[in-house]
Every structure is written in C-alpha cells, then in structure tokens.
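Asker: with the sequence up front, the predicted model follows.
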Amino acid sequence: MARVGLFELAFALSVVGALTLIIINLLLLLGISDFIIPFYLLIPSRYIFPLIAGISGDIAINIVCGLVALFSSRRIHTPAWAVVLIIAGVVAGGIGGTLILLSGVLALIGDFV
C-alpha cells in the first residue's frame, strides 16, 4: 500500500514539476516573465547551487526536459523511466527540475522497497 502511495506522489511531483518548468521557460522565451514572475531571475539559489541552477542554461533544453518529464511520468513505475526523470531534473534545474529530480528518486525508492 505504501508503494502505491510513493508512485502516486512521484507521479504528482513529476507532473507539477514538468508543467512548472515548461510554463516558466515559455514565459522567459516570450520575454513576458518580468510582468508575471518579477523576481525569478533574482533568486540567489539559481547562482549559488549548481544542482538547483541546472547543467543547462538554455531555455529550449529546459522546455524539452519538461516535455520529456511530462511524457515519462506515465511510466514512472519502471526504473529506467525513473532514471530518465532524474537526468531530466538535473539537466533542467530550477524549481521544476528539483521537483522532477525528487519524483525520480521517489520512484526508484518505490521500486526497490
């Protein structure tokens, strides 16, 4: 029963993280993030911690990572797709990437418990 709860939590975190990643990067791409998310670029954790900042600084790669996470969240119960989520979360970074990374880790814990 706890295993099903871990997978449901991992699925929810993956979907929320992927949608957050896609929406924030689309707003940054369109240049209207200053009005909607005024202090997003001023968050010091984006520059201090490399894991939170992500490996990629490119907006297009972050959108692709969000789409990969959104599509792979349906198959989160297999370990290979959980590893894909972890990789997408590390590459993307930010708030959405951290949620995706956490969902992949929870899915791996659910697989081996």
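Answerer: Happy to help now that I have it. Owing to the predicted nature of the structure, the values given are computational and were not obtained by experimental measurement.
Asker: please make it C-alpha for all contacts and neighbour counts, starting now.
Answerer: Will do.
Asker: need the longest helix for this protein.
Answerer: Longest helix of the chain, by residue count under DSSP state H: helix 2-30.
Asker: what segments of the chain are helices?
Answerer: 2-30, 33-36, 45-48, 50-53, 59-72, 79-92, 94-112.
Asker: want to try CSV for those helices, with mean pLDDT and mean neighbour count as columns?
Answerer: Below are the helices of the chain laid out as CSV (pLDDT from 0 to 100; neighbours: other C-alpha atoms under 10 Å):
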stretch, mean pLDDT, mean neighbour count
helix 2-30, 87, 19
helix 33-36, 60, 12
helix 45-48, 47, 13
helix 50-53, 47, 18
helix 59-72, 90, 21
helix 79-92, 92, 23
helix 94-112, 90, 24
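Asker: wait, doesn't residue 22 sit right on residue 70?
Answerer: No: using C-alpha atoms under 8 Å, residue 22 makes no contact with residue 70, being 9.5 Å away.
Asker: I'd like to know which elements the longest helix of the chain is packed against.
Answerer: With contacts taken as 3 or more C-alpha pairs under 8 Å, 6 or more residues apart in numbering; DSSP states H and E, helix 2-30 sits against helix 59-72, helix 94-112.
Asker: out of those, which gets nearest to residue 28?
Answerer: helix 59-72 (7.5 Å; C-alpha to C-alpha).
Asker: give me the helices and strands touching the closest one, please.
Answerer: Short answer (3+ C-alpha pairs under 8 Å, 6+ apart): helix 59-72 packs on helix 2-30, helix 79-92.
Asker: for those helices, which one sits closest to residue 98?
Answerer: Nearest to residue 98, of the helices and strands packed on helix 59-72 and by C-alpha to C-alpha, is helix 79-92 at 5.9 Å.
Asker: how near is the residue nearest to residue 97 when sequence neighbours are not counted to residue 32?
Answerer: Excluding the flanking residues, the one nearest residue 97 by C-alpha to C-alpha, 6 or more residues apart in numbering is residue 89, at 4.1 Å. Look at residue 89 and residue 32: by C-alpha to C-alpha, to the nearest Å, they are 24 Å apart.
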